[in-house]
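# sequence first, then the predicted structure, then my questions.
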Amino acid sequence: MDAADFSAVLSEVRRFVRERVVPLEAEIDEKDEMPAEIREAAKKMGLFGFALPEEYGGLGLSMYEEAQLMFELGYTTPSLRSMFGTNNGIAGHVLMVGGTEEQKAEWLPRIASGDVLASFALTEAEAGSDPSTLTTRAHLDGDDWVINGAKRYITNAPLADVFMVFARTDPDAPRTRGISTFLVPAGTPGLTVAPKDHKMGQFGAWTADVYFDDVRVPATALVGGEAGLNRGFGTAMGCIAHGRVHISSLCVGMAERLVDESVEYASTRRQSGKLIGSFQLVQGLIADSMTDYYAGRATVLEAARAFDAGTDTKIGPSCTKYFASEMVWRVADRAVQVHGGAGYMRGVAVERFYRDARLFRIYEGTSQIQQVIIAKALLGEAARG
């Protein structure tokens, strides 16, 4: 995107987030629902397709540009980003990476416009951080594929129009092979979405279990056609690598907000007749958080540059996801500490962000999984003993 045009997009999103969404944060958290007017505004701004190619109606942002956009979106409740994150990220990228031209033409324009909400159905009860162990299966019956199994914690499942479903199509193949991806529209007979999960935080972003009981889809539902058969695991990993940089950027945006909240409180709250910002130990907490934020921002931008260049699509995304998710958790914890007892009260922004931030260390691969990925990539055979 032209630099001037991109700057205008960032400015528009910044105003939208800070003037329209931030004032609604408490309501979104209390009602566990994103207001319809915010959803419609996001559609008009092109936020459902910012990472999708221009030829399909998206904005076509690079990873470096996307990271900067996510800094702005991360400044408010993460449920805003979650509303369109799967369209741009792991679900939309399934088609970008592995779809046929026909599948891209049919689905991507509607995904980019927000007319279709897509979900990424990979995680299972016993296949989370290691999705290669998934047990959902699909077998051919005549010209159709029949899918059986269950998925867990699927983002936007209660609202989704289509699911990108990962299922084992060759039970005899090694774990990371024999997995394929299917386009399954909501409402397909045999597909059931459970009631939404009641989570610790990130209210307004809905997740739920999804069940497949003899779900029958045509051969054209196989992502990538015949060429995509048994290649779903590689597709998933490519999408998740992009998602790790995406989530890292979100963490940086939230860290900026938490620093701002801490500075504002320390500049106005008095204790023993003094502003608490005059106490050196409070200053230390804020200085540490600003340093964490600064380092996280630099790390994400470097990882995004390398991702765009194709020079690092594995270690970099894992390093930045590991660092940024742990970083924002530290910053959230300090923000609550700066606020003291007020930081433990519902209705105070830092209390809400404290709950919201906890999830970042879990999804898109836990911090421990990132450690394993990084170490194995560096150590090679030595990591196997």
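Cool, the structure landed.
# can you name the next helix or strand after the strand or helix carrying residue 82?
Following DSSP states H and E, one finds residue 82 within helix 78-88. As assigned by DSSP H and E, the chain's next helix or strand after helix 78-88 is helix 90-98.
# what is the mean pLDDT for that following helix?
Here helix 90-98 scores 90 as its mean pLDDT.
# list the buried residues for the helix or strand following that helix?
Using DSSP H and E, the helix or strand that follows helix 90-98 towards the C-terminus is helix 101-113. Within helix 101-113, the residues that count as buried by 16 or more other Cβ atoms under 10 Å are 103-104, 107-113. Every residue, glycine included, has its C-beta placed from N, CA and C.
# show me what the helix holding residue 82 is packed up against.
Other helices and strands packing on helix 78-88, by 3 or more Cβ pairs under 8 Å, 6 or more residues apart in numbering; DSSP states H and E, are helix 36-44, helix 63-73, strand 118-121, strand 144-155, helix 232-268.
# I'd guessed residue 374 sits against residue 322; true?
Yes - using Cβ atoms under 8 Å, residue 374 makes contact with residue 322 at a distance of 7.1 Å.
# more neighbours: the two, which one.
Higher neighbour count among residue 374 and residue 322: residue 322, with 23 against 16, using other Cβ atoms under 10 Å.
# that one - nearest residue in space that isn't next to it in sequence?
For residue 322, ignoring the flanking residues on the chain, the nearest one in space by Cβ to Cβ, 6 or more residues apart in numbering is residue 370 at 3.8 Å.
# neighbours around the one you found, how many?
Neighbour number of residue 370 under other Cβ under 10 Å is 24.
# doesn't it belong to a helix?
Yes - Residue 370: assigned to a helix according to DSSP: H, G, I helix; E, B strand; the rest coil.
# list the contacts of it.
Neighbouring residues of residue 370 by Cβ atoms under 8 Å, 6 or more residues apart in numbering: 244, 318-319, 321-322.
# ok so, going back, ranking the helices and strands packed on helix 78-88 by burial, who's on top?
A comparison of the helices and strands packed on helix 78-88 by mean neighbour count, using mean count of other Cβ atoms under 10 Å, puts strand 118-121 on top with a mean of 28.
# can you list the strands that that strand pairs with?
When sheet partners are counted by DSSP bridges, strand 118-121 sits next to strand 162-168 (parallel).
# C-terminal to the partner strand, what's the next element?
strand 179-185.
# host element of the residue nearest to residue 46 when sequence neighbours are not counted?
Among residues not flanking residue 46 along the chain, residue 59 sits closest, at 5.4 Å (Cβ to Cβ, 6+ apart). Using DSSP H and E, residue 59 sits in no helix or strand.
# same check on residue 378?
Per DSSP H and E: helix 367-379 holds residue 378.
# pLDDT weak spots in the stretch 201-350 of the chain?
Filtered on pLDDT under 70, the stretch 201-350 of the chain yields no residues whatsoever.
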